[in-house]
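Enquirer: 3D, please:
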Amino acid sequence: MYKKAEADNPTFAAGPWFMLVPYLGEHKYQQVIQEYQAYAQRSGDKNMAEFAAALDSGFRAGGWPSAAHKGIEVLLAQRKAKTNYLAPYQIAALYADTGDKDHAFEWLNTAYQERCILVVGLRTDPALDSLRSDPRYAELVRKIGFPQ
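Expert: Below you'll find the model as predicted:
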């Protein structure tokens, strides 16, 4: 559906954003990075451009784990500068995708407390698959009010 929307309107900024989820679920990390880059370019989002560049640099240096850690560094800096209100969820997703459950839950709870809109993806985001069997996940789902 999003690829058709992009074909019909090549300047559709949100198209790449929505393609991230399936690529992430399939562990197609180069495509994930390309979609972040496309979104940043189309939307003019400087934070996203910086984040995408960090992912790309990290990926070239050491694959996805390196990319995720470089991305986390950028998101932490953006958060400190108060320029990226989506950072807590994004940080959590990157930690979860690299297997660091403790940090992932720390940042998911921060995202919840700060009412980050991206927590709506908690139940479906493939980056969080490694967290679903953890009791902290069920507790967070309950706390947010999602159906169990």
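
Enquirer: Which neighbouring elements make contact with the longest helix along the chain?
Expert: The residue-count maximum for a helix in the chain (DSSP state H) belongs to helix 46-80. Counting contacts by 3 or more C-beta pairs under 8 Å, 6 or more residues apart in numbering; DSSP states H and E, helix 46-80 is packed against helix 29-43, helix 87-97. (C-beta placed from N, C-alpha, C; glycine too.)

Enquirer: could I get the shortest one in CSV with only the CA atoms?
Expert: Provided in CSV are the C-alpha atoms of helix 87-97 (Å, rounded to 0.1, in the frame of the first residue of the first chain):
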residue,chain,number,x,y,z
ALA,A,87,13.7,9.5,21.2
PRO,A,88,12.7,7.4,24.2
TYR,A,89,10.7,4.9,22.2
GLN,A,90,13.3,4.8,19.4
ILE,A,91,16.0,4.2,22.0
ALA,A,92,14.0,1.4,23.5
ALA,A,93,13.4,-0.2,20.2
LEU,A,94,17.1,-0.2,19.3
TYR,A,95,18.0,-1.6,22.7
ALA,A,96,15.4,-4.3,22.3
ASP,A,97,16.5,-5.2,18.8
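
Enquirer: following it, which helix or strand shows up next?
Expert: helix 101-113 (DSSP states H and E).

Enquirer: What residues of that following helix count as buried?
Expert: Of all the residues in helix 101-113, those buried under the rule 16 or more other C-beta atoms under 10 Å are 104-112.

Enquirer: Stretch 92-102 too?
Expert: If you call a residue buried by 16+ other C-beta under 10 Å, then stretch 92-102 has these buried ones: 92-98, 100.

Enquirer: Check the offset of that stretch from the chain's centre.
Expert: Averaging C-alpha positions (C-alpha atoms, centre = their mean, to the nearest Å) puts stretch 92-102 11 Å from its chain's average.

Enquirer: would a markdown table of the buried residues of stretch 92-102 with pLDDT be doable?
Expert: Converted to a markdown table, those look like this (pLDDT from 0 to 100):
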| residue | pLDDT |
| --- | --- |
| 92 | 97 |
| 93 | 95 |
| 94 | 96 |
| 95 | 97 |
| 96 | 96 |
| 97 | 92 |
| 98 | 93 |
| 100 | 97 |
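
Enquirer: Same list (these) but as JSON lines, adding distance to residue 77.
Expert: Formatted as JSON lines, the buried residues of stretch 92-102 follow (distance: C-beta to C-beta, whole Å):
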{"residue": "92", "distance to residue 77": "16"}
{"residue": "93", "distance to residue 77": "17"}
{"residue": "94", "distance to residue 77": "14"}
{"residue": "95", "distance to residue 77": "16"}
{"residue": "96", "distance to residue 77": "20"}
{"residue": "97", "distance to residue 77": "20"}
{"residue": "98", "distance to residue 77": "18"}
{"residue": "100", "distance to residue 77": "19"}
